[in-house]
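Visitor: kindly return the folded structure for what I paste below:
(4 chains)
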4 protein chains.
Amino acid sequence: MRSSQLGVGVVGYGYWGPNLVRNFAASAAARVVAVCDRDPLRLAALSRHHPDVSATSRFEDLLEDSSVEAIAVATPAHTHYELALAALKAGKHVLVEKPLAPTADLVRRLIDEAERRRLTLMVDHTFLYTPSVRKISELVRRGEIGDVYYYDSTRVSLGLFQSDVSVIWDLAVHDLSIIDHIIDERPVAVSATGSRHVDGSPENMAHLTLFFDSSCVAHVNVNWLSPVKVRKTLIGGSKKMIVYDDMEPTEKIKVYDKGVTVDGSPEKAHQLRIGYRAGDMWAPHVPAKEALASEVEHFVDCVRNGAAPLCDAASGLRVVEILEAATRSIAGQGQPVRLGSFPAAHRPRRATA
Amino acid sequence: MRSSQLGVGVVGYGYWGPNLVRNFAASAAARVVAVCDRDPLRLAALSRHHPDVSATSRFEDLLEDSSVEAIAVATPAHTHYELALAALKAGKHVLVEKPLAPTADLVRRLIDEAERRRLTLMVDHTFLYTPSVRKISELVRRGEIGDVYYYDSTRVSLGLFQSDVSVIWDLAVHDLSIIDHIIDERPVAVSATGSRHVDGSPENMAHLTLFFDSSCVAHVNVNWLSPVKVRKTLIGGSKKMIVYDDMEPTEKIKVYDKGVTVDGSPEKAHQLRIGYRAGDMWAPHVPAKEALASEVEHFVDCVRNGAAPLCDAASGLRVVEILEAATRSIAGQGQPVRLGSFPAAHRPRRATA
Amino acid sequence: MRSSQLGVGVVGYGYWGPNLVRNFAASAAARVVAVCDRDPLRLAALSRHHPDVSATSRFEDLLEDSSVEAIAVATPAHTHYELALAALKAGKHVLVEKPLAPTADLVRRLIDEAERRRLTLMVDHTFLYTPSVRKISELVRRGEIGDVYYYDSTRVSLGLFQSDVSVIWDLAVHDLSIIDHIIDERPVAVSATGSRHVDGSPENMAHLTLFFDSSCVAHVNVNWLSPVKVRKTLIGGSKKMIVYDDMEPTEKIKVYDKGVTVDGSPEKAHQLRIGYRAGDMWAPHVPAKEALASEVEHFVDCVRNGAAPLCDAASGLRVVEILEAATRSIAGQGQPVRLGSFPAAHRPRRATA
Amino acid sequence: MRSSQLGVGVVGYGYWGPNLVRNFAASAAARVVAVCDRDPLRLAALSRHHPDVSATSRFEDLLEDSSVEAIAVATPAHTHYELALAALKAGKHVLVEKPLAPTADLVRRLIDEAERRRLTLMVDHTFLYTPSVRKISELVRRGEIGDVYYYDSTRVSLGLFQSDVSVIWDLAVHDLSIIDHIIDERPVAVSATGSRHVDGSPENMAHLTLFFDSSCVAHVNVNWLSPVKVRKTLIGGSKKMIVYDDMEPTEKIKVYDKGVTVDGSPEKAHQLRIGYRAGDMWAPHVPAKEALASEVEHFVDCVRNGAAPLCDAASGLRVVEILEAATRSIAGQGQPVRLGSFPAAHRPRRATA
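Guide: Coordinates of the predicted model:
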């Protein structure tokens, strides 16, 4: 029954677009109707791999095609806002590559447009659909590691320099979405530093610190100019600590029963006796599943049910607000920038769970 | 000929003191005359291992003993200044654990005292004597990696919380001394963030960014509350890049012939074409030698020759100035703090080498 | 010009067949005409991914189709001989999965058939086409490591148990083909041990030692029942030593300038003084390229030019002779089995190179 | 109360002797009375570190000294038998470096001598006292991994070539003692291969397979001529599998909940359906303690209580029988050699535990 499948159009068939097409095509709940790209070579590649999908260089073809119910935007970052807005105005549900838009204000306009038209607007924060991040989220939510003390991520490699966005919009965005997802508290300020080593290019290296009202802190180290690829996150908790190493072929997540114990009263700091606890390490089995496969299924579900996606536009907005603030902080050499009050998240908080 | 050996006294026989005693004792050019500690158990341990060394609980005994020509200070950080000053006033050459003093002003007073009395004052920046850092320094100085783009270090573990200093005075100090040594340019500002997860304790986790007038940048990530021990530094250069992993049993230094090439003019940023270069990796053989053995030999040489040590007090001053500024920046949540004009370094600069 | 492309048929579309089809399809010099498999689900999968390729459950369709000039056999091991022979008799060039046949005698019959009909018969020893093995081969041939002292490989994982062949026919065969390729000397005997831990299954774990007339020795450790995946080979030489770790994402090959030096005459063994040499380590850059892509190109070239393939049937024969002998040795709990005189290899020997 | 301490003499102060002296000296239950070595430089080193211990070049001095109740033998392998026998004849308890003697017959003579005189005779199989092996033993004995399918060890490095024994007597002996300890079944045959790459030296590289009456198998890979140091053992079981990597600074033992499940009857092998199980990995915390410290305490206890040591001479005999048989097998290029009936072990078997 083809008619029950969600008709999807994809704009942009460069690096990420082929993955979207492949996963929508493999999903029983969707079918790819048409793909738009300006590059004829890419369209030719599409036709070789997906002969049954319409190939077009005109975005309007997607907008005008009534069998296209949803559009996935996988073009360069600076075009996301305009294309997503046009798609919404044409009545299409939208899945947008991160970031949703270059400023929080523009993200809010997209949200308004989607809400007014009761359309699903989802941002492609793929990492939230990886089995690893889902497992970490589960561990944190069920209290396995206690209070989260810190999230400290290193995401560096000899990466693809982008011309329109700095490394924080390309790489740190992944960590910001994970932090937004697993830490049950909103950051209140950001301090960031960055540097550029190629004249005329945006920052290729940056470090961000996010402050929370609690003693929780998050730090993200991103770099397009590293000789080795590192994807390693330490998550410290009052009970246990997690090391998430995405470069490991298996056992990506290790949970350490390690920490400190404090004996004595904080008033008499010089008399504090700190003990060290070293227990077992445990690597929960995490089944292999392609994140994007889970994500496209979730998107189709949300379109069908009208439910708010895990990566709804509100979470996309929170991430863009931090990126904007971090960009200002980088310009001020680490000058801290306060973050505004965020819209309430749709997902249930731990306190009420 | 005992008389030709430098008579050394050591104050503090806790964590580091035994290493100093062992290395001075093993050196043909020195002999350990006396050791001072307040703890009788530690003095008993000393006598077991070094029955020929005087054990005393009175620091004055060291000052008054004319056969003690030099004093090594290995006590808690907040006592360094006072003990070093007293030693200098008693006419002793001094080797002090890092940091020299809690403020740059106090370091300057120590320097004045040492210069007036023509005594050697050296700070124990042990890492500069490791075969690894010596090899990195050699590679950088001979231009092997080109212009230094960045130094990015992660130095985390489940570490010994200290009650009198924060983690930056305990761990970041190592990186600051290495940066001071290998980068031929002085930092002009620092932005730092830190957090504490044990009430009543100083910051146990911090991130520092050092800015330079050039595009060079340095970042240091230190943490006493990590489940795993990481000692990893990436050094990016215009020609090559270095990964220095001190946890590796061998091949601690790897040199990667990797980087980017730029085609196009910086004025037309959007037309920049960036190429990626991936060549061989090379791990130079680094002979194993205990850093402290080299360091005590160097200290004795400097005392004998009146030469300025590699880790002279001026370098100790530069490091303390950064630590002081970083402490202020941490209080301001990353607020950048300018660094003053530093005294000229004694070591020859690359330009004149 | 379609007519200039080699028409290829593939029999077997299970684990490896899809890779063959994909690579032949991607090659400009070939086109996949038809694929045969008994399983309708697999044929359906073929049609989804390659709608332009004929799908059939009858092998005869491939034999009878004159546009099929060559047949690739990717079925279970015990069917290779029969299918390959039928293909040769039908006048097709043949590429066969390893092993060519279950006994050396049957391999010789295939060789005879191919020679009589002047057809190309090649065995799919894929590892010889990996950039890593090509680089190792280059290093060995140009004398970089000196005389080869040993080849010692560990190839273990939680692997797919096969019902018709033991682990040596499945995994050790890779090492035997590499040894045949890089060591310029033929083994003279084999001793092997093996064990089975699943009743009714063939050996799932085995260790082989190959003896050479020189002091060179090769050892292969294979196991389908290991909790971790290891693909690590040490190659010791008189000048240098290689570690080839196929699980590393990059720097798979490391060359160590390490070894021993001998001082004294062998007659006075107890007076030998052995010195140890530890120099640099070097990881040559190896460009990423899929082995099978190179292999299918090479196969097409050989068919076109009539040249003997790198993995010609003679090399396949040598490997099967060792596997047969090793199987006998396993039955005798390590009892050594002499290897017969091998047919001369087609490739030039180092001595004459 | 010095008199209650066991008086110990040590013969041999080369590589291992200093460790024995240090650990006996640090034990409250023992004191080192005298040390014997032929090399005056070594005796001088002893006197520097242990001024209160008698230094002598005459072994007879130890034998004749009535305050020496026990003698530890740490000389080259070919002298162990003679020195141990003389010590027993002089009425001393004896701790001998592995191996006890060059042949099983000579080991039996030592055992006879010790039994007749009711003296403790213990062999220094240090690995049995490491926290890691103790933990593995505990896991195996309590049935955590189920039936032991295999023990497969790689113990290679650029090691110290020995002139009087081959690599199996130097390195494989460690694994043989561990196997003897953790596997509750005696091997019935051994097949081994070895090769020598330095003229006039014994085998520097060897591979051993031990056969058991059950389907259990053990394999040991030892090599003095490896560019990298590997100390890795896989232990496969019917329920779980262990990886023991002694090169890891922490988490040396990892327990994998992985394996195969079999569906179908063994009679119909071709219909066997094998399933794969992949569960969590778990690294039990193993406290750091120097093995030799535990071992000397155990030795003193056994002397005092007359209890059979964990590494009694019977276990030393079993190990030497295997080494002798393996040496014969190496001469026969893997020819299997049956192992005789072993004396009953003193330790309780699992069946009765």
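Visitor: can you classify A:Val32 by secondary structure?
Guide: A:Val32 falls in the strand class when you classify it by DSSP: H, G, I helix; E, B strand; the rest coil.
Visitor: do the same with A:Val107
Guide: Taking three-state DSSP, the label given to A:Val107 is helix.
Visitor: tell me how far it lies from chain D.
Guide: Distance check for A:Val107 against chain D: by Cβ to the nearest Cβ, to the nearest Å, it reads 40 Å. C-beta: built from backbone N, CA, C; applies to glycine.
Visitor: ok, that residue - how many residues close by?
Guide: 28 (other Cβ atoms under 10 Å in any protein chain shown).
Visitor: quick one: it from A:Ser315, how far?
Guide: Using Cβ to Cβ, to the nearest Å, we find A:Val107 at a distance of 10 Å from A:Ser315.
Visitor: next one: A:Leu46
Guide: 30 Å.
Visitor: which of these two has more neighbours?
Guide: A:Ser315 (26 against 23).
Visitor: hang on, that one in a strand?
Guide: No - counting by three-state DSSP, A:Ser315 is not found in a strand; it is helix.
Visitor: which residue does the stretch 151-300 of chain A have closest to chain B?
Guide: A:Ser191 (2.6 Å; Cβ to the nearest Cβ).
Visitor: which other helices and strands contact the helix or strand hosting that residue?
Guide: A:Ser191 is part of strand A:189-195 when elements are defined by DSSP states H and E. Counting contacts by 3 or more Cβ pairs under 8 Å, 6 or more residues apart in numbering or on different chains; DSSP states H and E, strand A:189-195 is packed against strand A:205-211, helix A:313-331, strand A:337-338, strand B:189-195, strand B:217-223.
Visitor: tell me what angle that strand forms with strand B:205-211.
Guide: If you take axes from the mean of the first three to the mean of the last three Cα atoms, to 10 degrees, strand A:189-195 sits at 40 degrees to strand B:205-211.
Visitor: parallel or antiparallel, which strands does strand A:189-195 pair with?
Guide: Paired neighbours of strand A:189-195 in the sheet (DSSP bridges): strand A:205-211 (antiparallel), strand A:337-338 (antiparallel).
Visitor: among these, which comes closest to B:Val165?
Guide: strand A:205-211 (20.7 Å; Cβ to Cβ).
Visitor: now the closest one: average pLDDT?
Guide: The average pLDDT for strand A:205-211 rounds to 98.
Visitor: can you give the distance of it from its chain's centre?
Guide: How far strand A:205-211 lies from its chain's middle: 16 Å, per Cα atoms, centre = their mean, to the nearest Å.
Visitor: what about A:Pro309, which SS state?
Guide: Looking at A:Pro309 with three-state DSSP, the answer is coil.
Visitor: residue contacts, it?
Guide: By Cβ atoms under 8 Å, 6 or more residues apart in numbering or on different chains, A:Pro309 lies in contact with A:Thr120, A:Met122, A:His298, A:Phe299, A:Cys302.
Visitor: and these, which of them are in helices?
Guide: A:His298, A:Phe299, A:Cys302 (DSSP state H).
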